[in-house]
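Undergrad: Provided below for reference: sequence and predicted model.
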Amino acid sequence: MYKRILVATDGSKLSEAAVAHALNLADLTGAEVVALKVVPLYPQTYFEGGVGVDAEEIKRIEQQWQDEALQVVNAIKSEGQKRQVKVKAMTAKSDLVSEAIIAAAKRNKCDLIVMASHGRKGIKRLLLGSETQQVLTHSHIPVLVLR
């Protein structure tokens, strides 16, 4: 049924449930899993009077975020090994999370994207947006959403 499943994670408890579902589904279908965590770029401020951050400090912070993301996806890879499910751990640097997820799924020839939705409503959804909604709207690959 599925050959390669991309599971997008942000490291939250809700994402952990999506990871568990993706690993279970891969185990049942014999699919491989691509575990992806998208790492944001450090926000730059260009407003007058804004506090500038040294380029080296930005580089250090972004590297710390990258290292933390690698720990998350490598933990998924370890869990997959315990279940004898092949897992490719990867990260992507982007402020456009949904686009990075879709691009990674295409690049890795995935036939399913698994991700969690926080189920925000009203003003929270308007202010915080919904990466899951963006993936659902723009992906040509089936998406399994867990809440």
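TA: Sure thing, it's come through.
Undergrad: the bottom helix or strand of this protein by mean pLDDT?
TA: helix 122-128 (a mean of 47; mean pLDDT, DSSP states H and E).
Undergrad: what's the next secondary structure element after that helix?
TA: helix 131-138 (DSSP states H and E).
Undergrad: and the contacts of that next one?
TA: With CB atoms under 8 Å, 6 or more residues apart in numbering as the contact definition, helix 131-138 has outside contacts at 8, 97-99, 101-102, 113, 115-118, 143, 145. Yep, even glycine has a C-beta here, placed from its N, CA and C like the rest.
Undergrad: a helix runs through Ala100, doesn't it?
TA: Yes: counting by DSSP: H, G, I helix; E, B strand; the rest coil, Ala100 is found in a helix.
Undergrad: ok, how many other residues are close to it?
TA: Neighbours of Ala100 under the rule other CB atoms under 10 Å: 22.
Undergrad: please apply the same query to Val97.
TA: Using other CB under 10 Å: Val97 sits among 22 other residues.
Undergrad: count of neighbours near Ser12?
TA: 12.
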